[in-house]
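> What follows is a predicted structure for the sequence shown.
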Amino acid sequence: MAGEPQPDCLFCKIVSGEVPATIVRETGTTVAFRDINPQAPTHILVIPRVHHRDAAALAAAEPQIAADILLEAERVAADEKITDTGYRVVFNTGTGAGQTVFHAHAHVLGGRGMQWPPG
């Protein structure tokens with residue numbers, strides 16, 4: 001059920017502490033941790049504590065938590081000292097866009113130049 005922890009979800013297991021992660025920030029609604037396969041010097045995932053399959057589903061069901069993810073992305077960027085040089089926040093939605101874990105999450109990327117369109 002949407003919003004409920006899923007027993008086979010890697011990110012739900014990180015939220016519960018069952019799977020370790022390098023956590024950099026936590027709030028009542030979000031957890032932020034370093035990506036295990038970073039694509040930039042700073043690559044941190046910000047996830048909701050509740051389970052929704054992607055950002056669109058989260059925004060439809062719990063818009064305040066979707067907003068919390070964006071607020072935390074900015075706080076992560078500030079903590080990582082990349083706000084002045086710029087950073088990117090990415091939500092992949094669906095396998096064709098590269099989503100591999102079906103628990104809503106934002107990638108915060110920075111610390112290097114970001115090209116557009118992404119390569």
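Cool, the structure landed.
> packing partners for the top strand by length along the chain?
Determined from DSSP state E, the single longest strand within the chain is strand 42-48. Helices and strands touching strand 42-48, as assessed by 3 or more CB pairs under 8 Å, 6 or more residues apart in numbering; DSSP states H and E, comprise helix 10-16, strand 30-34, helix 63-79, strand 106-110. For the C-beta atoms, the positions are set from N, CA and C on the backbone; glycine is no exception.
> would you turn the ones you listed into a markdown table with mean neighbour count?
Shown next, in a markdown table, are the helices and strands packed on strand 42-48 (neighbours: other CB atoms under 10 Å):
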| stretch | mean neighbour count |
| --- | --- |
| helix 10-16 | 18 |
| strand 30-34 | 21 |
| helix 63-79 | 17 |
| strand 106-110 | 23 |
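> could you dump these to JSON lines with mean pLDDT and distance to Thr93?
Converted to JSON lines, these look like this (pLDDT from 0 to 100; distance: least, CB to CB, whole Å):
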{"stretch": "helix 10-16", "mean pLDDT": "98", "distance to Thr93": "15"}
{"stretch": "strand 30-34", "mean pLDDT": "98", "distance to Thr93": "18"}
{"stretch": "helix 63-79", "mean pLDDT": "98", "distance to Thr93": "13"}
{"stretch": "strand 106-110", "mean pLDDT": "98", "distance to Thr93": "11"}
